[in-house]
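Visitor: Whatever this is, show me its structure:
(one chain, ligands or ions: 1)
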Amino acid sequence: MEIRGRVLSVASECVPLIKTGGLADVVGALPAALAGQGWQMRVLIPAYRRLRDRLDAMDEVWREPNLWGGEGVVYAGVIDGLDMLLLDAPHLFDREGGPYSGPGGDWWDNAQRFAALSWVAARMARAGFDGWKPDVLHAHDWQAGFAPAYLAYHGSGGVGSVLTIHNIAFQGWAPAAQIDDLRLPREAFHPGALEYFGGLCSLKAGMVTADRITTVSPTYAAELLRPEFGMGLEGVIRARAADVSGILNGVDIAVWSPEAEPMPYSAKKMTGKAAARAALCVEFGVQVAGPLAIVVSRLTDQKGIDLLPQVVPDFVAAGGGVIILGSGDPALEAAMRGLEARFPGRVAVRIGYDEALSHRLFSGADAVLVPSRFEPCGLTQMYGLRYGTLPVVAAVGGLADTVIHASPAALRAGVATGVTFHPTDAVAFGQALRQLCALHADAKTWARVQANAMAADVGWQASAAAYAALYDGLVR
Ligand code: ADP
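Guide: Numbers count the residues shown, from 1 in each chain. Model prediction:
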């Protein structure tokens, strides 16, 4: 295929190397999706502890002498067909712990660590490297927010820039006094540019300087104009409205495929799903005649996990059961354990992160619950669609864009794919679960909705075309 252009993608996470959330899935999936559109993409992330060992045959492609207290070297290598670039700067990234935090909480120098990533991305994009010159720099979230700003304030070299907001709740704040240290111009310290409630905000810096802003669903793009979703940045979004678009994430349909599971099944032949359900019930010691629901999620306020203790008792009384896989807020972890203790044989909880288990859960369950207060896109409801595991979701953000509520009209028209509710509270969620139970009791209708769900297009093709069109508009 003819190459239309080149993109340097910069982020703090990328599957299969490092993941704390959906950001990593998306960053890891985009290169293959865009290759199909003629756009070549290479991905730059930090070389966190032990990541370098995961790539073989790495070539040094960039050296940055003065990177906030040490040298940085960028290595290029390939993993699972992905063209990866790793920024090796041990003084910033070779630490025991997660990408953003260690045993004592958030790393004290996160502003500098991710400024360094952004700095190197902007310099490499501007100059080109390894015989390769990008047309577009694509920055993801607050961790890469300074990258478009460095292009804007230190010279773009003709490179266009895109900032994608995967979650506006994480903004990357730094004190104003660090403006020189962060290599940003003092003249730009005003509300129309870098200033943010008296300090600096890397996400805002990216939002005011990037040529285009995208977020990960059309509904979230519209929601961001409102204070309850914009979280302080709604005015910035409004000022850039002409350059903002919402492009839905897809899922990797090769990885998330019921046909590829140990107990395979398809819309035509669902017996594998029944076997997977039975195995799941044995594994977790649960027995349910009604719908078996799952939750696979960070256990946080955003995800509405605190609503579960209010709705699960009625759901269990109506014959339902729930298996919860997740970790996060200790109080919510305790609340989930409390539910398990209260409803033995009906509610089971696994605290932790377990990709393989999540596949077994989607294979075997009847429904997946996603009661988010806000959800930029969300991936688990799309896994649910793929697996005929009907999504029960709050009608916000990408959840509203991907699930068609089983209203009488949608059922009649044969297009329903799940159950949605609004607002995100226990009353509406409880009502949705009652509807789920009723739907489950009507085997014929249930099977039809399952078939619709499994036929839904949740792959990357349409979104990749939208990104390609966006990049095309930036080629100079
Ligand atoms: P967010 O990025 O806000 O956490 P998303 O739905 O966009 O939410 O993406 C979450 C991703 O992380 C999904 O791929 C989901 O399956 C996965 N995930 C979340 N928690 C767990 C867990 N405890 N075990 C396995 N996978 C998980």
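Visitor: Centre of the chain to the helix or strand where Gln435 lies, how far?
Guide: Per DSSP states H and E: Gln435 is located in helix 426-441. Its chain's average C-alpha position is 27 Å from that of helix 426-441, according to CA atoms, centre = their mean, to the nearest Å.
Visitor: where along the stretch 51-200 of the chain do the strands fall?
Guide: Ranges of strands in the stretch 51-200 of the chain, per DSSP state E, counting those that start in this stretch, are 56-64, 72-79, 82-88, 101-102, 105-106, 136-140, 160-165, 173-174, 195-196, 199-201.
Visitor: Can you name the residues in contact with the fifth one?
Guide: Applying CB atoms under 8 Å, 6 or more residues apart in numbering, the external contacts of strand 105-106 come out as Tyr100. C-beta coordinates here come from the backbone N, C-alpha and C atoms, glycine included.
Visitor: for stretch 120-133, how far is the first residue from the last?
Guide: Start to finish, the residues bounding stretch 120-133 are 14 Å apart (CA to CA, to the nearest Å).
Visitor: Give the buried residues for that stretch.
Guide: By neighbour count with 16 or more other CB atoms under 10 Å, stretch 120-133 contains the buried residues Val120, Ala121, Ala122, Arg123, Met124, Ala125, Arg126, Phe129, Lys133.
Visitor: Neighbours of Tyr383, how many?
Guide: 23 (other CB atoms under 10 Å).
Visitor: right, and the helix or strand after the helix or strand containing it?
Guide: Element membership of Tyr383 [criterion: DSSP H and E] is helix 380-386. Sequence-wise, the next helix or strand downstream of helix 380-386 (DSSP H and E) is strand 390-394.
Visitor: Can you check what angle separates the helix holding Gln435 from strand 390-394?
Guide: Interaxial angle of helix 426-441 relative to strand 390-394 (axes from the mean of the first three to the mean of the last three CA atoms, to 10 degrees): 170 degrees.
Visitor: pLDDT on helix 426-441, on average?
Guide: Model confidence over helix 426-441, given as mean pLDDT, is 98.
Visitor: buried residues in the next helix-or-strand element following that helix?
Guide: Using DSSP H and E, the helix or strand that follows helix 426-441 in sequence is helix 443-455. By 16+ other CB under 10 Å, the buried positions in helix 443-455 come out as Trp446, Val449, Gln450, Asn452, Ala453, Met454.
Visitor: Any residue of the next helix-or-strand element following helix 443-455 touching the ligand?
Guide: Downstream of helix 443-455, the next assigned helix or strand under DSSP H and E is helix 461-472. No. If you take CB under 6 Å from any ligand atom as the test, helix 461-472 misses the ligand, and the best it gets is 14.0 Å.
Visitor: now helix 461-472 and strand 136-140, what's the angle there?
Guide: Going by the same axes, to 10 degrees, helix 461-472 makes 130 degrees with strand 136-140.
Visitor: For the ligand, what is the nearest residue in the stretch 101-250 of the chain?
Guide: Closest residue of the stretch 101-250 of the chain to the ligand, CB to the nearest ligand atom: Asn167 (6.1 Å).
Visitor: which residues touch that residue?
Guide: By CB under 8 Å, 6+ apart, Asn167 lies in contact with Gly21, Leu23, Asp141, Pro376.
Visitor: at 6 Å what do you get?
Guide: Counting by CB atoms under 6 Å, 6 or more residues apart in numbering, Asn167 touches Pro376.
Visitor: Relative to Gly235, how far out is it?
Guide: Remark: distance between Asn167 and Gly235 (CB to CB, to the nearest Å) = 18 Å.
Visitor: cool, and Val7?
Guide: Separation of Val7 from Gly235 (CB to CB) stands at 29 Å.
Visitor: okay, these two: which has more neighbours?
Guide: Val7 (26 against 13).
Visitor: quick one: average pLDDT of the stretch of helix or strand that one belongs to?
Guide: Under the criterion of DSSP H and E, Val7 resides in strand 5-10. Mean per-residue pLDDT for strand 5-10: 98.
Visitor: so how far is that strand off the chain centroid?
Guide: How far strand 5-10 lies from its chain's middle: 19 Å, per CA atoms, centre = their mean.
Visitor: angle of it against strand 136-140?
Guide: Using the same axes, to 10 degrees, one finds that strand 5-10 and strand 136-140 are set 30 degrees apart in direction.
Visitor: Can you tell me the closest non-neighbouring residue to Ala466?
Guide: Of all residues not flanking Ala466 in the chain, Ile247 sits nearest, at 4.6 Å (CB to CB, 6 or more residues apart in numbering).
Visitor: list the contacts for that neighbour?
Guide: Listed by CB under 6 Å, 6+ apart, the contact set of Ile247 reads Thr214, Ser463, Ala466.
Visitor: tell me the phi and psi of it?
Guide: Main-chain torsions, Ile247, degrees, to the nearest 10: phi -120, psi 120.
Visitor: hang on, the earlier thing: just say which of the strands of the stretch 51-200 of the chain is most tucked in.
Guide: strand 136-140 (a mean of 30; mean count of other CB atoms under 10 Å).
Visitor: what does it rub up against?
Guide: By CB under 6 Å, 6+ apart, the residues outside strand 136-140 that reach it are 7-11, 27, 125, 147-148, 159-164, 206, 471, 474.
Visitor: Go again with 8 Å.
Guide: Residues outside strand 136-140 that contact it (CB under 8 Å, 6+ apart): 5-12, 23, 26-27, 41, 118, 121-122, 125, 145, 147-148, 151, 159-164, 166, 206, 210, 471, 474-475.
Visitor: Mind checking which of the residues you listed are buried?
Guide: Neighbour-count burial (16+ other CB under 10 Å) is assigned, among the contacts of strand 136-140, to 5-12, 23, 26-27, 41, 118, 121-122, 125, 145, 147-148, 151, 159-164, 166, 206, 210, 471, 474.
Visitor: Now do the helices in the stretch 1-150 of the chain.
Guide: Secondary structure of the stretch 1-150 of the chain (DSSP state H, counting those that start in this stretch): helices at 22-35, 90-93, 110-127, 146-154.
Visitor: JSON lines for these, including mean pLDDT?
Guide: Listed next are these as JSON lines, based on pLDDT from 0 to 100:
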{"stretch": "helix 22-35", "mean pLDDT": "96"}
{"stretch": "helix 90-93", "mean pLDDT": "98"}
{"stretch": "helix 110-127", "mean pLDDT": "98"}
{"stretch": "helix 146-154", "mean pLDDT": "98"}
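Visitor: Could you export the ones you listed as CSV, including distance to the ligand?
Guide: Shown next, in CSV, are the helices of the stretch 1-150 of the chain (distance: least, CB to the nearest ligand atom, whole Å):
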stretch, distance to the ligand
helix 22-35, 2
helix 90-93, 21
helix 110-127, 18
helix 146-154, 21
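Visitor: now the lowest-mean-pLDDT helix or strand in the chain against strand 82-88, angle please.
Guide: Counting by mean pLDDT, DSSP states H and E, the chain has its least confident helix or strand at strand 56-64, which shows a mean of 91. Counting by the same axes, to 10 degrees, strand 56-64 lies at 50 degrees to strand 82-88.
Visitor: tell me what strand 56-64 is packed against?
Guide: Contacts defined by 3 or more CB pairs under 8 Å, 6 or more residues apart in numbering; DSSP states H and E place strand 56-64 against strand 72-79, helix 110-127.
Visitor: Could you dump the ones you listed into JSON lines with distance to Phe93 added?
Guide: Below are the helices and strands packed on strand 56-64 laid out as JSON lines (distance: least, CB to CB, whole Å):
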{"stretch": "strand 72-79", "distance to Phe93": "9"}
{"stretch": "helix 110-127", "distance to Phe93": "7"}
